[in-house]
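Chemist: Just a sequence and a predicted model for now, questions to come.
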Amino acid sequence: MMLHSALALCLLLVTVSSNLAIAIKKEKRPPQTLSRGWGDDITWVQTYEEGLFYAHKSKKPLMVIHHLEDCPYCQALKQVFAQNEEIQEMAQNKFIMLNLMHETTDKNLSPDGQYVPRIMFVDPSLTVRADIAGRYSNRLYTYEPQDLPLLIENMKKALRLIQSEL
C-alpha cells in the first residue's frame, strides 16, 4: 500500500511539474506584436510620429516598412528580411524601425503611390529620403527577396548620408 501511494504521489509530481514547465515555456516567448515577423530582436516603434521623435532624438535614420498580412510579396520579403543577419544587426543597432500595415498622413512616404511592400528611409532631420530607391522604375521603393543585397546597400547609404550631412 505504501509503495502504491508513493508511486501515485510521484506520478502527481511529474504531472504537475511538466504542466508547470509548459506554462513557464509559454511565458518565456517574447511578445511578437510589433515585429509582426520582421525580426523579434529588433526594437520596433509603434507609430510614425514615435519613429520621427526617436530618429531626431537618437540621430539615427528611421526605416519604414509598409506591408500587409495577406500580400504574398510582403510575406516573401519579410521571411528573407527576418533571416538575414546583416539586416537584422543593422536594424537592431543603427536604425529606428517601424513596420506599418496602414498608410500615414505623410504624403512624402508615398511619393510614387501607395503600394506594398514599400520601404522608405527618413533621416534624423526628418527628411524623407526619396533618393534612396530600389531597382524598379514603376515602384521605386519596393524590394523583392532577391533584392536583399540592394536593400543592405541602401541601408548603408542611409547611414552614410547622415554622416556626411550632420
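Modeler: Structure received.
Chemist: ok, now which ones touch the spatially most central residue of the chain?
Modeler: In the chain, the residue lying closest to the centroid (Cα atoms, centre = their mean) is residue 38, at 3.7 Å. Applying Cβ atoms under 8 Å, 6 or more residues apart in numbering to residue 38 gives the contacts 44, 65, 78, 81, 82, 97, 99. Where C-beta positions appear, they are placed from N, C-alpha and C, glycine not excepted.
Chemist: Of those residues, just say which sits nearest to residue 164.
Modeler: Nearest to residue 164 among the contacts of residue 38, counting by Cβ to Cβ, is residue 97 at 22.3 Å.
Chemist: Mind checking what helix or strand follows the strand or helix carrying that closest one in sequence?
Modeler: Element membership of residue 97, judged by DSSP states H and E, is strand 96-100. Remark: after strand 96-100, the chain's next helix or strand is strand 118-122, criterion DSSP H and E.
Chemist: looking just at contacts, which helices and strands does the strand holding residue 97 meet?
Modeler: The helices and strands touching strand 96-100, judged by 3 or more Cβ pairs under 8 Å, 6 or more residues apart in numbering; DSSP states H and E, are helix 48-58, strand 62-66.
Chemist: need those in CSV with distance to residue 127, can you?
Modeler: Written out in CSV, the entries for the helices and strands packed on strand 96-100 read as follows (distance: least, Cβ to Cβ, whole Å):
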stretch, distance to residue 127
helix 48-58, 10
strand 62-66, 10
